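Asks: the following block contains a protein sequence and its predicted model.
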Protein chains: 2
Amino acid sequence: MEFLNAITAQEALEQIRSFPLHQSRSSAIETGKALGRVLAADVKAAENIPPFSRSLVDGYAVVAKDTYGAKETSPAFLSLIGQVAVGEDATLSLHEGQTIYLATGAMIPAGTEAVVMQEYTRVTSDAVEVTKALRKGENIVFAGEDIQRETVVLTKGTRLGPFDLGVLSALGVTKVEVFDKPRVGLISSGNEIVDIETASPPPGTVRDINRYAITGLLEQTGCDVTFLGIARDTLDDISEKLKKAEEFDLILVSGGSSKGQADFITDCIERLGGKILFHGINIRPGKPTIFGSLWSKPIFGLPGHPVSCSMVVIRFVAQLVKDMAGQRAEITPPLRGVLSTNVPSSYGVEEYVRVRVENSDQGLAVSPLFGKSSVVSSLSKAHGYVVVAEGREGLEQGEWLEVNLFG
Amino acid sequence: MEFLNAITAQEALEQIRSFPLHQSRSSAIETGKALGRVLAADVKAAENIPPFSRSLVDGYAVVAKDTYGAKETSPAFLSLIGQVAVGEDATLSLHEGQTIYLATGAMIPAGTEAVVMQEYTRVTSDAVEVTKALRKGENIVFAGEDIQRETVVLTKGTRLGPFDLGVLSALGVTKVEVFDKPRVGLISSGNEIVDIETASPPPGTVRDINRYAITGLLEQTGCDVTFLGIARDTLDDISEKLKKAEEFDLILVSGGSSKGQADFITDCIERLGGKILFHGINIRPGKPTIFGSLWSKPIFGLPGHPVSCSMVVIRFVAQLVKDMAGQRAEITPPLRGVLSTNVPSSYGVEEYVRVRVENSDQGLAVSPLFGKSSVVSSLSKAHGYVVVAEGREGLEQGEWLEVNLFG
């Protein structure tokens, strides 16, 4: 297979991410089911949170200046005029010289400037003695201090985590508008590929390793993946399976590591009116990757070797899928470690090396797992991978480098 | 509230993790649905993977010594006796002086010692010229090289990722034995708590922030969480809700940050025949945490403040849940960053400080988000947290420290 037109990883990513995507659809779903979904619109607070000022402690409401100079040996004496229980409306008002008992979370009565913790008080028959001076605002969380009415609390493109659901709950937002999950149509191809269910694959054939690995990787990224079957290496069978993919947002064809197989896939895409945008990326593993357009949808022809296939999904397909899902780029703090051994590589190729990591006194120790790109067990054993840049001919033992963890 | 018996975070974790758990149940499920589930038994390979030796390239099968000394200017001449297509049984045998065309992935014919890539050959009318010397084994992946029959490929306690599903697919394992997800019964409590759906909470009341946050955190850890309702602060109502929790593996009661509320929960647990194992951990936030045993199940009383509640779930409850789920401890490579500002803390208390992180030239910049423990928006804004150890009175600007990311 000649890749006269093989492009760099950077060029490939730019072409992939500049593919003209359809406007993402969105739907309103219940907040309780929105974990991991991507917001399709900003969420603005319709209320203050908390809606009223609350006590942060079990204690006594005070006017701050009543406590100035108060200490263990010369307490302030205040007159107890009542209490506010948790969940109750505070109907009393506080004036100088007075105090009101408040449980943690109770509404702050009008006139209150601070709450003194019970530990710093003594209750006598006719007074509450306060043994500590209080600053204004002490032990109170004010109305709107958590979330101010009319502010945007969550922005479009946020992938909702548990605490975001907490924020939505606080505001009484029971339904949220989220982008629909990108729908991916997945086809396995190759005369050598048989169903996972096959008890004894005939000589020369192997089970479909990539199907579940790709599905799992893309489900973690927030897609719905539909498996459309295994295509034989014929124009007719690949075309038939591709036609079933027309309704999907993204089409993936795994398999086709040999020249003949790849040719079938590019021919089929073109025969159905699609266009090949590139064929071949200067990466290892994963070089024979195909990217094109079919029915105005992006389509990938992925290499058949499991490691190649998975690395292309992680480095390239997942990026496109996040764009399609409307997901804002996340913070991905760089994880750095020190390489335990030399790693050879070729100049002009971006290489992905599977690694295991281990905590050590010197920091994170990174050990490469060498192995052929057809060896799936090396992925399962790896914690992640490191990248050898195009311009380098390998990595050196003792070098500090960035580690990308799987999952 | 007095915590005369408050214990250290380490002691709490030890007590929690030494709680006598019931034998985890397990079930066989379809491999395609097993992403994120925990293996209940080792998986042993019943076959070699690949099941037969395969070509890694498009090229020609050779006996290695036929190519010794071959180069561009003096190629080896071999006689082409046939080809093996992908997916086909290799019925031919190779002998010295001969070659067979093999596509990538094709079965290796008997007698083959290496495969020369097509790029290093020239095909003439009566011969294939090989322009490169080959080592034995070059461009072949041997039967069993990926996975050797009878070896354990995945061990009990593994949380299955996409590549593990690939390994299972390769082996034709269509069903796997996984531990049942721990079932968590969740009760919210407090007179001030109203349903998330409440359009206008009455004065003094707030919506149930913790329910979805706890549910989300525990679902990410691999649990099924069932919400059992909001209990009023009465012995009867809390008891009634607790009785509904009897069938669950773990019981959580959120709320109860005031002394009165906490007392109701401890009283109820004891009244139903349960036992309080500890009440109070020297942590901030999260001190008023209750842990006990009810119907031989572990039960937590979680603080009501959202930040306190979530931090206790992350640091303590999640650990127990992973044990219950049968999950082996994962590699958690330490993520380190440099603190952007001083953080005060108290000696004798393990403190959790929410932080945002940002990449900078000096490494990961870590900025604390100060905020009261009742402020849920600070969690939503945070990327993670740092721990101030009990024995320290704060952290210093410029200090390198470990960062724990959320999610």
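Replies: Happy to help now that I have it. What you are looking at is a predicted structure, and each value in this text was computed from that prediction instead of being measured.
Asks: and for the spatially closest residue to A:Ile29 that is not a sequence neighbour, the neighbour number?
Replies: The shortest distance from A:Ile29 to any residue other than its chain neighbours is 5.8 Å, reached at A:Val178 (CB to CB, 6 or more residues apart in numbering or on different chains). Using the backbone N, CA and C atoms, a C-beta is placed for each residue, glycine as well. The criterion is other CB atoms under 10 Å in any protein chain shown. On that basis, A:Val178 has 25 neighbouring residues.
Asks: what does the helix or strand hosting A:Val178 contact?
Replies: For A:Val178, the element it lies in under DSSP states H and E is strand A:175-179. Residues lying outside strand A:175-179 but in contact with it, judged by CB atoms under 8 Å, 6 or more residues apart in numbering or on different chains, are A:24-31, A:34, A:37-41, A:43, A:160, A:168, A:325-326.
Asks: repeat the analysis, applying 10 Å as the threshold.
Replies: Outside of strand A:175-179, the residues that reach it under the criterion CB atoms under 10 Å, 6 or more residues apart in numbering or on different chains are A:24-34, A:36-43, A:154, A:156-160, A:164-165, A:168, A:222, A:324-327.
Asks: CA atoms only for stretch A:374-384, dumped as CSV, please.
Replies: Output of stretch A:374-384 as CSV, limited to C-alpha atoms (Å, rounded to 0.1, in the frame of the first residue of the first chain):
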residue,chain,number,x,y,z
SER,A,374,-2.4,-6.9,16.3
VAL,A,375,-2.0,-7.7,20.0
VAL,A,376,-5.1,-6.7,21.9
SER,A,377,-3.8,-8.0,25.3
SER,A,378,-1.2,-5.3,25.3
LEU,A,379,-3.9,-2.7,25.4
SER,A,380,-5.8,-4.4,28.1
LYS,A,381,-2.6,-4.5,30.2
ALA,A,382,-1.6,-0.9,29.5
HIS,A,383,-2.6,2.0,31.7
GLY,A,384,-2.2,4.5,28.9
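Asks: pLDDT (mean, whole number) over that stretch?
Replies: If you average the pLDDT over stretch A:374-384, you get 89.
Asks: which ones are touching A:Glu358?
Replies: With contacts taken as CB under 10 Å, 6+ apart, A:Glu358 has the following neighbours: A:337, A:340, A:364-367, A:383, B:331, B:333.
Asks: so for these, which is the shakiest by pLDDT?
Replies: Among these, B:Ile331 has the weakest pLDDT, 71.
Asks: report the secondary structure state of that residue.
Replies: The three-state label given to B:Ile331 by DSSP: H, G, I helix; E, B strand; the rest coil is coil.
Asks: skipping its backbone neighbours, what lies nearest it in space?
Replies: Distance criterion CB to CB, 6+ apart; nearest residue to B:Ile331, sequence neighbours excluded, is A:His383 at 5.7 Å.
Asks: pretty sure the one you found contacts A:Asn359?
Replies: No - the pair formed by A:His383 and A:Asn359 falls short of the contact definition of CB atoms under 10 Å, at 11.6 Å.
Asks: which neighbours do those two share?
Replies: Common contact partners of A:His383 and A:Asn359 (CB under 10 Å, 6+ apart): B:331, B:333.
Asks: what about the two, which has more around it?
Replies: Between A:His383 and A:Asn359, counting by other CB under 10 Å, A:His383 is the more crowded of the two (21 against 13).
Asks: which residues touch the more buried one?
Replies: With contacts defined as CB under 10 Å, 6+ apart, A:His383 is in contact with A:354-358, A:364, A:366-367, A:369, A:403-407, B:330-331, B:333.
Asks: now, which of those residues lie within helices?
Replies: Counting by DSSP state H, the contacts of A:His383 place none of their members in helices.
Asks: give the ChimeraX command for selecting the buried subset of those.
Replies: For the buried members of the contacts of A:His383, the matching ChimeraX selection, counting by 16 or more other CB atoms under 10 Å in any protein chain shown, is:
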select /A:354,355,356,357,364,366,369,403,404,406 /B:333
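Asks: which ones among the contacts of A:His383 lie within strands?
Replies: Among the contacts of A:His383, DSSP state E puts A:354-358, A:364, A:366-367, A:403-405 in strands.
Asks: all the strands of the stretch 1-150 of chain A, residue numbers only.
Replies: Remark: strands of the stretch 1-150 of chain A, listed N- to C-terminal, are A:26-30, A:43-44, A:54-55, A:59-62, A:76-84, A:98-102, A:114-117, A:121-123, A:128-130, A:140-141; assignment by DSSP state E, counting those that start in this stretch.
Asks: low-confidence ranges in the stretch 251-400 of chain A?
Replies: Scanning the stretch 251-400 of chain A with the threshold set as pLDDT under 70 gives no residue ranges.
Asks: 80 instead?
Replies: Residues of the stretch 251-400 of chain A that meet the criterion pLDDT under 80 lie in A:256-257, A:330-334, A:361-362, A:371-374.
Asks: and chain A, split by domain according to the record?
Replies: Following automatic domain parsing, one gets these domains for chain A: A:9-24+A:181-324, A:26-48+A:158-179, A:54-141, A:335-405.
Asks: mind putting those domains into TSV with distance to B:Gly398?
Replies: Below are the domains of chain A laid out as TSV (distance: least, CB to CB, whole Å):
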stretch	distance to B:Gly398
domain A:9-24+A:181-324	35
domain A:26-48+A:158-179	29
domain A:54-141	30
domain A:335-405	19
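Asks: tell me which of those domains sits nearest to B:Pro75.
Replies: Distances from B:Pro75 to each of the domains of chain A were compared by CB to CB, and the smallest falls on domain A:9-24+A:181-324, at 21.4 Å.
Asks: what bridges to A:Val366?
Replies: On the basis of DSSP bridges, A:Val366 is bridged to A:Leu339, A:Val357.
Asks: can you pull the contacts of it?
Replies: A:335-341, A:343, A:353, A:355-358, A:360, A:383-384, A:386, A:395, A:399-403, B:333.
Asks: weed out the non-buried ones from these.
Replies: For those, a burial check counting by 16+ other CB under 10 Å picks out A:335-337, A:339-340, A:343, A:353, A:355-357, A:383-384, A:386, A:395, A:401, A:403, B:333.
Asks: for A:Tyr385, helix, strand, or coil?
Replies: Taken by three-state DSSP, the conformation at A:Tyr385 corresponds to strand.
Asks: count the residues that sit near it.
Replies: Based on other CB under 10 Å, the number of other residues close to A:Tyr385 is 22.
Asks: relative to chain B, how far out is it?
Replies: 12 Å (CB to the nearest CB, to the nearest Å).
Asks: look at A:Lys275 and say how many residues are nearby.
Replies: A total of 10 residues lie near A:Lys275 under the criterion other CB under 10 Å.
Asks: now the residue of the stretch 201-350 of chain A found nearest chain B: which helix or strand?
Replies: When distances are taken as CB to the nearest CB, the stretch 201-350 of chain A reaches nearest to chain B at A:Gly216, 3.0 Å away. Assigned by DSSP H and E, A:Gly216 belongs to helix A:210-221.
Asks: what mean pLDDT does that helix have?
Replies: pLDDT averaged over helix A:210-221 equals 96, rounded to a whole number.
Asks: which one is A:Lys297 nearest to, not counting chain neighbours?
Replies: Of all residues not flanking A:Lys297 in the chain, A:Ile251 sits nearest, at 5.8 Å (CB to CB, 6+ apart).
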